[in-house]
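A.B. asks: quick one: sequence and predicted model below, then my questions.
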Amino acid sequence: MATAGKVIKCKAAVAWEPNKPLVIEKIEVAPPQANEVRIKIVATAVCRTDVHHLLENMHNDSFPVVLGHEAAGIVESVGSGVTEFQPGDKVIPMYITQCRECRFCKSPKTNQCEKGWGAGRHSVLATPDSRFTCKGKKILQFLGTSTFSEYTVVNQMAVAKIDPAAPLDKVCLIGCGVCTGYGAAVNTAKVEPGSTCAVFGLGAVGLAAVMGCKAAGAKKIIAVDINPEKFEKAKVFGATDFVNPKDHSKAISQVLSEMTNGGVDFSLECVGNVGVMRSALESCVQGWGVSVIVGWTNLEDFSARPIQLIAGRTWKGSAFGGFKGKYGIPQMVKAYLDKNLKLDEFITHNMTLDQVNDAIELMKQGKCIRTVLHVSPQ
Ligand SMILES: NC(=O)c1ccc[n+]([C@@H]2O[C@H](COP(=O)([O-])OP(=O)(O)OC[C@H]3O[C@@H](n4cnc5c(N)ncnc54)[C@H](O)[C@@H]3O)[C@@H](O)[C@H]2O)c1
Ligand SMILES: [Zn+2]
Ligand SMILES: [Zn+2]
């Protein structure tokens with residue numbers, strides 16, 4: 001590769017400060033250092049977590065930053081010590097690393113790795129250890145990935161190699177939303193055949209959770225959203241019943257309890273709202289109900305009455321659907337190529353990187369499921 005070992009000047013969307021539009025800039029991307037991989041991003045989608053960081057962030061030290069973490073690309077060059085990847089490999093960056101060596105990676109119980117960017121900085125989400133500069137300033141890296149850029153450099157612990165046949169402008173969704181929701185149902189909740197489920201929030205994460213509930217054999221999947229325009233899509237992914245909390249004067253947990261003879265077996269919160277987290281828990285049946293928190297917020301604490309758990313409910317959380325990325329991502333890509341996983345149905349808009357602010361606006365207004373930004377040719 002002509003660019004290997006050299007600084008690449010390329011286009012990226014820089015978030016200089018919170019609550020302001022991103023600015024398309026020429027940035028410099030330094031070559032990968034030891035154990036790092038430089039990736040040409042082909043396609044990246046916008047996830048709610050990018051929007052949260054821009055609009056709800058409480059840490060002044062997390063800007064300027066290049067956002068984006070749901071993407072797919074092609075390896076451009078690798079640093080010393082990298083043997084797992086070579087230029088030309090199709091890859092998906094992972095915001096949860098898998099070093100394969102730490103006690104968490106060695107345990108089958110979790111996908112939390114202690115070696116990644118997140119060590120000690122989980123609430124900040126953006127780290128200064130990036131290879132980006134712009135106008136003489138260091139630009140931070142978001143979630144260890146930063147994919148709103150033509151090139152990015154990530155640690156090899158944070159890269160999954162995928163099938164060369166995969167269309168990158170579709171499988172980019174596997175980099176976050178689809179694995180997150182699907183895995184929350186299948187891996188974290190462990191939805192059982194014949195069960196009754198409720199999914200709160202029908203963005204890409206919630207719709208993927210609906211798809212996971214269906215794949216696990218749930219017989220009733222209640223889709224809950226305050227935006228009724230989302231119900232049509234939820235039906236496509238397998239939802240059987242639809243509830244708009246705005247149509248009811250009583251608590252939504254009461255409504256679901258009446259629909260299900262005492263509560264659902266599994267509920268998944270895919271909104272990122274502590275009130276909804278509580279409702280999702282209270283919508284579960286006593287004795288064995290399991291509620292999984294998937295939505296992200298660090299603005300508020302959640303609360304619930306202890307009796308909810310004393311009565312036999314379980315309250316859990318899930319990051320990236322519990323998948324260990326290096327294993328789970330290639331499997332999900334294969335499932336898509338084998339036509340056992342829907343992806344195309346999530347994509348409501350296709351745009352270029354230059355239009356990233358329009359894509360963010362669509363998400364703010366609840367007018368999209370996923371917008372895919374086409375960054376570089378495949
Ligand atoms: N845990 C993880 O690993 C992880 C990964 C990715 C995203 N997330 C989080 O998951 C959440 C969903 O992400 P997304 O990209 O699908 O977002 P999205 O904005 O596309 O979807 C959220 C949906 O929730 C609905 N909603 C809002 N308030 C509601 C309420 N009170 N009751 C019911 N529905 C309500 C909205 O109408 C919308 O359809 C976000 O909080 C995101 O940050 C978590
Ligand atoms: Zn995400
Ligand atoms: Zn690890």
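C.D. replies: Everything's here; your move. Ligands and ions are numbered 1, 2, ... in the order given.
A.B. asks: ok, now how distant is Ile39 from ligand 3?
C.D. replies: 20 Å (C-beta to the ion, to the nearest Å). Just so you know, the C-beta spots here come from the backbone N, C-alpha and C atoms, and that holds for glycine as well.
A.B. asks: identify the bridge partners of that residue.
C.D. replies: On the basis of DSSP bridges, Ile39 is bridged to Val75, Thr152.
A.B. asks: now what about the lowest-mean-pLDDT helix or strand in the chain, what contacts it?
C.D. replies: Least confident helix or strand, the chain: strand 126-134 with a mean of 90, by mean pLDDT, DSSP states H and E. With C-beta atoms under 8 Å, 6 or more residues apart in numbering as the contact definition, strand 126-134 has outside contacts at 12, 14, 25-33, 36, 38, 53, 59, 62-66, 117, 121, 138-144, 146, 149, 152-153.
A.B. asks: now with 7 Å?
C.D. replies: For strand 126-134, contacts defined as C-beta atoms under 7 Å, 6 or more residues apart in numbering pick out 14, 25, 27-30, 62, 65-66, 117, 121, 138-142, 144, 146, 153.
A.B. asks: show me which parts of it are buried, residue by residue.
C.D. replies: For strand 126-134, burial by neighbour count (16 or more other C-beta atoms under 10 Å) applies to 126-127, 130-132, 134.
A.B. asks: closest to Val46 out of these?
C.D. replies: Ala126 (16.5 Å; C-beta to C-beta).
A.B. asks: distance of that closest one from ligand 1?
C.D. replies: Remark: distance between Ala126 and ligand 1 (C-beta to the nearest ligand atom, to the nearest Å) = 15 Å.
A.B. asks: quick one: that residue and Ala304, what's the gap?
C.D. replies: 31 Å (C-beta to C-beta, to the nearest Å).
A.B. asks: what about the residue of the stretch 201-350 of the chain found nearest ligand 3, neighbour count?
C.D. replies: Nearest residue of the stretch 201-350 of the chain to ligand 3: Lys324, at 9.1 Å (C-beta to the ion). The burial count assigned to Lys324 is 23, neighbours taken as other C-beta atoms under 10 Å.
A.B. asks: dihedrals phi and psi, it?
C.D. replies: Dihedral pair for Lys324: phi -80, psi 110, per degrees, to the nearest 10.
A.B. asks: wait, it sits on Ile96?
C.D. replies: No. Using C-beta atoms under 7 Å, Lys324 is not in contact with Ile96; the gap is 8.3 Å.
A.B. asks: quickly list what's touching both of those two.
C.D. replies: Contact criterion C-beta under 7 Å, 6+ apart; residues shared by Lys324 and Ile96: Asn111.
A.B. asks: and the stretch 101-250 of the chain, which residues reach ligand 3?
C.D. replies: 102, 105, 113, 115 (C-beta under 5 Å from the ion).
A.B. asks: go again with 6 Å.
C.D. replies: Residues of the stretch 101-250 of the chain lying close to ligand 3 by C-beta under 6 Å from the ion are 101-102, 104-105, 113-115.
A.B. asks: nearest to Ala71, of those?
C.D. replies: Cys113 (19.2 Å).
A.B. asks: need the three-state assignment for the nearest residue to the closest one once chain neighbours are set aside.
C.D. replies: Excluding the flanking residues, the one nearest Cys113 by C-beta to C-beta, 6 or more residues apart in numbering is Thr97, at 4.5 Å. For Thr97, the secondary structure call by DSSP: H, G, I helix; E, B strand; the rest coil comes out as coil.
A.B. asks: OK, contacts around Thr97?
C.D. replies: 113, 115-116, 144, 155, 157-158.
A.B. asks: among the residues you listed, show me the least confident.
C.D. replies: Among these, Gly116 carries the lowest pLDDT, at 82.
A.B. asks: that one contacts Gln156, doesn't it?
C.D. replies: No. Judged on C-beta under 7 Å, Gly116 makes no contact with Gln156 at a distance of 11.3 Å.
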